[in-house]
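> Show me how the following folds:
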Amino acid sequence: MENQGRKKRKSQKTKSNRKGCSSSFDGNTIFALLLAAICNSNEHFSEAIIKRCLNSLHLSLTPNSHKDGPRLQTLPVPVLSLLPVLLKSKCDEIVSRSAEIAGAASIFSFEMNEQIAMDDGIVKGLILAVGASNKMVSLAACNAVLDLSTTSVGRERLLEFSAVEHLMFKYLLVPESSKRLVTICSSDKGSDICPRIGVKEDDLLVLLLDAVITLINTYDIDRLEKLPRKLSETFSVCLKELWAKVHNQMLLRNTLKFGQDEHTNLSSIRTNDMAESIFRLSINAGHLTTPSPFEVVKKSIFGTRESSFENFILNHWEVSPLCIRTCSKALNEQDDVFRSFVQYLNLKKTDSSFVSPVLQDMVSCLPIDSDELNILNFLKMIRNELGCPIIYGQDIRVLRTLGHLKEEVHFFQESSVPFTKAPHFLYTDDVLKCEDAYKKGYTIALRGMEFRLENIAAIADGLASLFGQPSVGVNLYLTPPNSQGLACHYDDHCVFVCQLLGTKQWTIASQPVVSLPRLYEPLDSLHSGKTGNSMAGHIQFLLREGDILYIPRGFPHEACTVAESGDPDETTGFSLHLTLAIEVEPPFELLNALLGSCHVFQFLGSCHVHSFEDYMHSDVWIYMFRWEGFAHVALHCWNQNSKTIHYTSVDPLSEILSVMSVNLLHIAIRLIGDSDPTFRKACLVAAITLPSDSKCWLDSNQRTIFSYIIDKICSESGFSEALRVVEVAIQRNEDPFQRLRWLHLLNWEAEMIEEHGGDFLPSLGFENLSSLSNQHRGKTEVAFMHMKSKFCCEVAFEDVIDSYGLVLQKYKKTRKQYMNGMLSLHLGWSLWAGIDAFVFSRMRPAMKSPKAATLKGRAASAVAKVERHKVGNAAATASASTNLTTVG
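Here you go, the predicted model:
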């Protein structure tokens, strides 16, 4: 049986006089007695007979009960056919015992489980019995549902008859007082990352949680989308309330030992199982991350003038830094995407106590593979760690730069060495240490803010659409007075620095160290010695609240807090800013942030990626969303269109040479991309522009670059160089086309590609490819030159855009699902309420100031938000009750 190690749950056994049960069990006799009793009009007499028969049946199915009589090898089919009728009985004891028999039979054997599962009447009867008003019946039915769900067949049948909806609704009817008694329990070793969940006193609540979470975590995307929205949202809110309690106990390490409290009913689910259910229910919850309209994001960053964005793209994008002075102060409130965030953090003084409530509401954002397009596959890979506390180096860094050499020093020294130790989870004691670190001058750097706060996620979504990229990464930096966090470095992605509070002095090199460095370059090159030397010629910017600074990739920079003198209303000392990272490759934001974390390589180990060198040659090293990627898409689309239009039967050698030529041209494009910076520029063909922009200038700009790319391919792609790359790869026992495997995402015409071989030749073998090329070198080179000439003459910009957009949307969809899921695990609304309360308490002495009304309004709004959750739950529960009357 699946889940064979599952410990049999407690169940309420109906007290019965087993002495009166026959010791010699006869299935046919039992069936005859049951059938006669069901048909008998004497209700009292019939119930007594049925109860005695059911007791005998139950004993014969119960393990270790052979002393009371022979044990059944299978539940007789005639008896099985009566269970649907018995589950509808008016007698609670009969329904309860019938459910127990169905459950016991379900775990008796695979065959019997399948028998029970394939009987519509039994499955429906068990599901309806879950909602019974009698607790004994509900307990027995929940146990039976869990027993039935131990096999894939059983789970599938339960899902077919809307078991999840009924379990959700029943859970919502459980008194709130019971839900407050949730606790967690660890093994004897006490080192569980994801302990088991239990509830004191209420055994029904434990079973309901166990059953509904087990089934939700088997749902596919289609079923998740079909769940009644109101019911799903209401249950999700209730689950999040439990999650907040569980998460808090995890941070405090406030766990019971197994058997420590006899009044605690333990479930078989763990904290990561609950986290997965919350994640799944939120995958398609569009209301979580309604993106800020891109035009609002555009105005918030570039101002209201139509020419500002055009000037930025044509003159500064990936070319030179640009400081946009206090643009937000000139905007209306509805046109400033940062205003709502700043309102919660609008402190004129900082305090280390601000750090703790923010960090304690966060969970670790585990990395998602760059070429992962199935969010459920991702969940399978990381489900054992989902919902765990934040991890040092992956989610947070606490560091400062010291000395004339300006070396970075980490507060948690033992956790700062990459790839050496187990993950360092930050529990409450470490969170408090972060407060001490801040007081000692250390910067708190938080990664993945777009996965933690809804309004940050909305800004990131809007900015990604504006630039036509899959996603945007957001980090937050809180730096104390007179301090520097990160040492001088350059980034492999372009960033917008948004100064929220305080001031910060930025020093940026006047020239880049590396021209448009690739994403995920080795850290040694990003922090090489020449970075510091390049600061001899530099530009300085003093950012104040509302200022935005653009820094292209490759430009060395550093920043420190400074104290300004003069204006008493200006904040002095500390600084709080966001960095919005425009990453022009597939959005493996977190992995990019994690290259210094041993945890990421434990995760990648399951993908056979065990070192940075392996990672650089793995499928996650992809170049989709820059111009080199667009050129590969163009070649792929042109090749497929040519096959569809012109394909005719040819001799085998000619066909092989044709496909080989396409492969070699892909290699040649990659080689040009290694040397030509234009190929590394971000491709903005999917960028969204306002209707008033008429799109002429951006479209013209992108077409010009595309023409340059094609001319470059025509003039510089060489046959010998490309063939040499293949030969060297084969000598190293490597796949020369590994970095181009993402092109399979374009293969929506699966049948046609299978018929004609696609772009690659896995069946031929790369060794044979090299050998064949050398045997027919002259013919291969002629075929290559002919293929290249035809491609460069025939490829059209318009023909590529749709295919490029298709891949972009696939990436965006998965990343949006990931974002929704991670947002649901963060205690966002409580975080905001906590920050608002902190603001209110800090400003209490100034309640007579003109700002008093605003502060009181914000505090009242925070309280009202929590109350609306409670009211919404009650209303949705009532609505769900009506909807469920017709389910099943």
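
> Going by C-alpha atoms from here, please, whenever you check contacts or count neighbours.
Fine.

> How about the contacts made by Ala132?
Ala132 makes contact with Ser138, according to C-alpha atoms under 8 Å, 6 or more residues apart in numbering.

> which SS class is it?
coil (DSSP: H, G, I helix; E, B strand; the rest coil).

> Model confidence for it, exactly?
According to the model's per-residue confidence, Ala132 sits at a pLDDT of 94.

> before we move on, what about Trp832?
In the predicted model, Trp832 carries a pLDDT score of 44.

> Number the chain from 21, please
Okay, using 21 as the starting number, the last item reads as Trp852.

> Which SSE is immediately downstream of the one helix or strand Asn285 maps to?
Following DSSP states H and E, the helix or strand that holds Asn285 is strand 284-290. The element immediately downstream of strand 284-290 (helix or strand, assigned by DSSP H and E) is helix 291-302.

> Which strands or helices does that following helix pack on?
The contact analysis (3 or more C-alpha pairs under 8 Å, 6 or more residues apart in numbering; DSSP states H and E) places helix 291-302 against helix 223-236, helix 249-272, helix 817-845.

> Strands of the stretch 321-470 of the chain, start to end?
According to DSSP state E, counting those that start in this stretch, the stretch 321-470 of the chain carries its strands in the segments 342-344, 416-422, 427-430, 463-466.

> average model confidence for the second one?
So the one you mean is strand 416-422. Mean pLDDT, computed over strand 416-422, is 94.

> what does the first one give?
The predicted model gives strand 342-344 an average pLDDT of 90.

> how deep is the nearest residue to His509 once chain neighbours are set aside tucked in, by neighbour count?
With sequence-adjacent residues excluded and distances taken as C-alpha to C-alpha, 6 or more residues apart in numbering, His509 is closest to Pro576, at 5.0 Å. Neighbour count for Pro576, taken as other C-alpha atoms under 10 Å: 29.

> And for Ala749?
Number of residues near Ala749 (other C-alpha under 10 Å) recorded here: 16.

> I'd say it and Leu743 touch.
No - between Ala749 and Leu743 there is no contact, the gap being 10.0 Å when judged by C-alpha atoms under 8 Å.

> so which of the helices and strands packed on helix 291-302 comes closest to His656?
His656 lies closest, by C-alpha to C-alpha, to one member of the helices and strands packed on helix 291-302: helix 817-845, at 9.1 Å.

> Can you list the helices and strands that that closest one packs against?
With contacts taken as 3+ C-alpha pairs under 8 Å, 6+ apart, helix 817-845 sits against helix 249-272, helix 291-302, helix 395-402, helix 647-666.

> now it: mean pLDDT?
Confidence for helix 817-845, expressed as mean pLDDT, is 89.

> Give the buried residues for that helix.
820-821, 823-824, 827-828, 830-845 (16 or more other C-alpha atoms under 10 Å).

> relative to helix 249-272, how tilted is it?
Using axes from the mean of the first three to the mean of the last three C-alpha atoms, to 10 degrees, the direction of helix 817-845 lies 60 degrees away from that of helix 249-272.

> Now do helix 817-845 against helix 395-402, angle only.
Direction vectors for helix 817-845 and helix 395-402, defined by the same axes, to 10 degrees, enclose an angle of 50 degrees.

> tell me which residues in the host helix or strand of Ser674 are buried?
Ser674 belongs to helix 672-695 when elements are defined using DSSP H and E. Across helix 672-695, burial judged by 16+ other C-alpha under 10 Å covers 676-693.

> starting at the chain centroid, how far to that helix?
Here the centre of mass of C-alpha atoms in helix 672-695, compared against the chain's by C-alpha atoms, centre = their mean, to the nearest Å, lies 36 Å away.

> what helices or strands is that helix leaning on?
With contacts defined as 3+ C-alpha pairs under 8 Å, 6+ apart, helix 672-695 has these neighbours: helix 647-666, helix 716-736, helix 739-751, helix 797-814.

> Pick the most buried one from those.
Neighbour counts averaged per stretch over those are highest for helix 647-666, at a mean of 20; criterion: mean count of other C-alpha atoms under 10 Å.
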